[in-house]
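Novice: The sequence and its predicted three-dimensional model are supplied below.
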Amino acid sequence: MQPELLQFATVTLCVGAGTLALRSAFILPGSAARLPEGFRRALAFVPAAVFAGLLVASLHPERVIHPGDPVQLRLPAMLIATLVALRTKSILWTILSGMGSLWLLSWLATLL
Amino acid sequence: MSTICISTTPSRRASFTAGLLDVAPILLSALPFGIICGVGALEAGMSAGQAVLFSFAVFAGSSQLIATQFIASGAPTAVVVLAALAVNLRFLMYSAAISPEFSRRSLSEKLGLSYLLTDQAFAISMRAFNQDRTGLRRISYYMGAALGLLAAFQLGNLLGISLGGSLPAGWGIDFSVPLIFCALLTTAIRNRSMALAAVIAALGSMLLCGLPYMLGVFISAVLAIIVGYAHAERSHAA
């Protein structure tokens, strides 16, 4: 089997089955099962920590320091989108405002 | 003397429709999220068929995005799986909270209901259950909301797979990935301790961006969870 195909099959199987196991962990045994209180409180921090880390990583901070890199236009667009996200809590409006700002800034940059 | 009984309990169909209608505004977000996931899967080197299979097997947008990002960065399989599952740990909380509603169902029904458990389906359903609407058929309501989300997300995924190759690079469509994480982050932060955890994870990710396979995200997230949890416990004790 090709390495790419093997990786796809393993990732699909493990992530698919693992996600279903997490979703059904307390549903299958019924309401008698309980999550330890301390662990439950710690789990509440997972989304905020993971999403913040991924947000920064997907903005390619290693490229931002290079002058003239088009990635730099993404920072002001992200700032506008963040304000919209805080205001609306909507994925749709965050995408629209962020992409709209990026396209506008890119167009303005071509005029300079 | 005959008695006429008029039932005030909504039918299963009415409860299903109520769930579908309540989730309708969120479907507008699920569709573009699905599109981005479809595009991301193609960019990670999956074929169209593999991208569809992957999306139906996992059905969790943020972990699909994370998996495809890690695959694209050349990360080993174990790192991809761990990263994708780490973000899904929150489903443990949802599972524990909603399990009493499903306790009288058969094993196969429980598995089906579990598969449909998403952030939005959980949030919409728990809000309706807590409102204690008269006679609401809770499973039907949940099914309406959850199946609506499944349909919108997978339709978006198919659109993303269809459009993927034809989207011009100049559009910067990959920028929508951090935008989605931004929107998810603003809804995930519910108190100061969580905000502190987010700041630490962001700073750590920036400082450790030179590490391969996005390991900086992993390390900074673990550190952020520990600090955020400790801060919350300390605030609680004070």
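Specialist: Cool, got the structure. From a predicted model like this one, the values you see are computed outputs, not experimental measurements. Residues are numbered from 1 along each chain as shown, chains lettered A, B, ... in the order given.
Novice: list the buried ones in stretch B:220-228?
Specialist: For stretch B:220-228, burial by neighbour count (16 or more other Cβ atoms under 10 Å in any protein chain shown) applies to B:Ser220, B:Ala221, B:Val222, B:Leu223, B:Ala224, B:Ile225, B:Val227, B:Gly228. Just so you know, the C-beta spots here come from the backbone N, C-alpha and C atoms, and that holds for glycine as well.
Novice: what comes into contact with the lowest-mean-pLDDT helix or strand in chain B?
Specialist: Taking mean pLDDT, DSSP states H and E as the measure, helix B:119-131 is the helix or strand of chain B with the lowest mean score, a mean of 81. Helix B:119-131 is contacted from outside by B:18-19, B:22-23, B:26, B:30, B:90, B:94, B:97-98, B:101, B:136, B:138, B:141-142, B:145-146, B:149, using Cβ atoms under 8 Å, 6 or more residues apart in numbering or on different chains.
Novice: mind running it again at 6 Å?
Specialist: B:Asp22, B:Val23, B:Ile26, B:Tyr94, B:Arg138, B:Tyr141, B:Tyr142, B:Ala145, B:Ala146, B:Leu149 (Cβ atoms under 6 Å, 6 or more residues apart in numbering or on different chains).
Novice: Distance of the last one relative to chain A?
Specialist: Between B:Leu149 and chain A the distance is 12 Å, computed by Cβ to the nearest Cβ, to the nearest Å.
Novice: Tell me the helix or strand right after the helix or strand hosting that residue.
Specialist: B:Leu149 is located in helix B:138-163, with elements delineated by DSSP states H and E. Of the helices and strands lying after helix B:138-163 in sequence (DSSP H and E), the nearest is helix B:176-188.
Novice: And that following helix, what does it pack against?
Specialist: Applying 3 or more Cβ pairs under 6 Å, 6 or more residues apart in numbering or on different chains; DSSP states H and E, one finds that helix B:176-188 makes contact with helix A:46-57, helix A:74-88, helix A:91-111.
Novice: Measure how the shortest one sits relative to helix B:119-131, angle-wise.
Specialist: Here helix A:46-57 points in a direction 150 degrees away from that of helix B:119-131 (axes from the mean of the first three to the mean of the last three Cα atoms, to 10 degrees).
Novice: Okay, helices next: where are they in chain B?
Specialist: B:12-43, B:48-58, B:61-72, B:77-87, B:90-102, B:107-115, B:119-131, B:138-163, B:176-188, B:192-207, B:215-237 (DSSP state H).
Novice: domains of chain B?
Specialist: Following automatic domain parsing, chain B resolves into domains at B:12-167, B:189-238.
Novice: so what's B:Arg13 up against?
Specialist: When the contact criterion is Cβ under 6 Å, 6+ apart, B:Arg13 has no partners at all.
Novice: rewinding a little: just put the helices of chain B in CSV and tack on distance to A:Trp103.
Specialist: CSV is the format used below for the helices of chain B (distance: least, Cβ to Cβ, whole Å):
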stretch, distance to A:Trp103
helix B:12-43, 15
helix B:48-58, 26
helix B:61-72, 22
helix B:77-87, 29
helix B:90-102, 33
helix B:107-115, 37
helix B:119-131, 28
helix B:138-163, 17
helix B:176-188, 12
helix B:192-207, 25
helix B:215-237, 28
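Novice: Among the ones you listed, which one carries the weakest average confidence?
Specialist: Per-stretch mean pLDDT for the helices of chain B is lowest at helix B:119-131 (a mean of 81).
Novice: May I see the buried residues of it?
Specialist: By neighbour count with 16+ other Cβ under 10 Å, helix B:119-131 contains the buried residues B:Asp119, B:Gln120, B:Ala121, B:Phe122, B:Ile124, B:Ser125, B:Ala128, B:Phe129.
Novice: where does the residue positioned nearest the centre of chain A land on pLDDT?
Specialist: By Cα atoms, centre = their mean, chain A has its centre lying nearest to A:Phe51, at 5.0 Å. The per-residue pLDDT reported for A:Phe51 equals 83.
Novice: circling back to that earlier point, tell me which two of the contacts of helix B:119-131 sit farthest apart.
Specialist: B:Ile26 and B:Arg138 (18.7 Å; Cβ to Cβ).
Novice: Which one's more surrounded, those two?
Specialist: B:Ile26 (22 against 16; other Cβ atoms under 10 Å in any protein chain shown).
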